[in-house]
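S.K.: whatever this is, show me its structure:
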Amino acid sequence: MEQFITDWGYLALFLYSFGGGFLALAIAGAFFFFGDLNIYICVAVAGTSNFIGSQFLFYMGKYNKAYVEDMMKNHKKKIALVKVLL
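M.R.: Predicted coordinates:
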């Protein structure tokens, strides 16, 4: 199992962080504690993946505006609440 985490841990962290999941970074910290992963590489991988993922989602929303508006019309109250909170 340790060899599997060492071989595929960074790729799994990249894929999970692409959608904005920072829980994987906490799990990677636990694997760092046990000596399976390097914490500096984990932070760099997670940060890079999250940045690329956020840019990807931005452009998906920008160029598929009709789809996004159709999807969001069911959540008008939640969107209004978020705007008030910000």
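
S.K.: wait, what's in contact with the residue sitting nearest the centre point of the chain?
M.R.: In the chain, the centroid-proximal residue (CA atoms, centre = their mean) is Gly20; its distance is 2.1 Å. Residues in contact with Gly20 (CB atoms under 8 Å, 6 or more residues apart in numbering) are 50, 53-54. (Glycine included, C-beta is placed from N, CA and C.)

S.K.: weed out the non-buried ones from those.
M.R.: The neighbour-count criterion (16 or more other CB atoms under 10 Å) marks 50, 53 among these as buried.

S.K.: contacting residues around the helix or strand bottoming out on mean pLDDT in the chain?
M.R.: The weakest-scoring helix or strand in the chain, judged by mean pLDDT, DSSP states H and E, is helix 65-72 (a mean of 82). Helix 65-72 is contacted from outside by 60-61, 79, using CB under 8 Å, 6+ apart.

S.K.: list the buried residues in the helix ranked longest in the chain.
M.R.: Ranked by residue count and defined by DSSP state H, the top helix of the chain is helix 39-63. Within helix 39-63, the residues that qualify as buried are 42, 45-46, 49-50, 53, counting by 16+ other CB under 10 Å.

S.K.: now the nearest residue to Ile52 once chain neighbours are set aside: how far from Phe33?
M.R.: Distances taken as CB to CB, 6 or more residues apart in numbering put Phe18 closest to Ile52, at 6.8 Å, once the chain neighbours are dropped. Separation of Phe18 from Phe33 (CB to CB, to the nearest Å): 24 Å.

S.K.: of the two, who's got more company?
M.R.: Phe18 (18 against 10; other CB atoms under 10 Å).

S.K.: surely the more buried one is in contact with Ser54?
M.R.: No - under the criterion of CB atoms under 8 Å, Phe18 is not in contact with Ser54, lying 9.2 Å apart.

S.K.: the helix or strand hosting Gln3 to helix 39-63, inter-axis angle?
M.R.: Using DSSP states H and E, Gln3 falls within helix 2-18. Helix 2-18 runs at 30 degrees relative to helix 39-63, counting by axes from the mean of the first three to the mean of the last three CA atoms, to 10 degrees.
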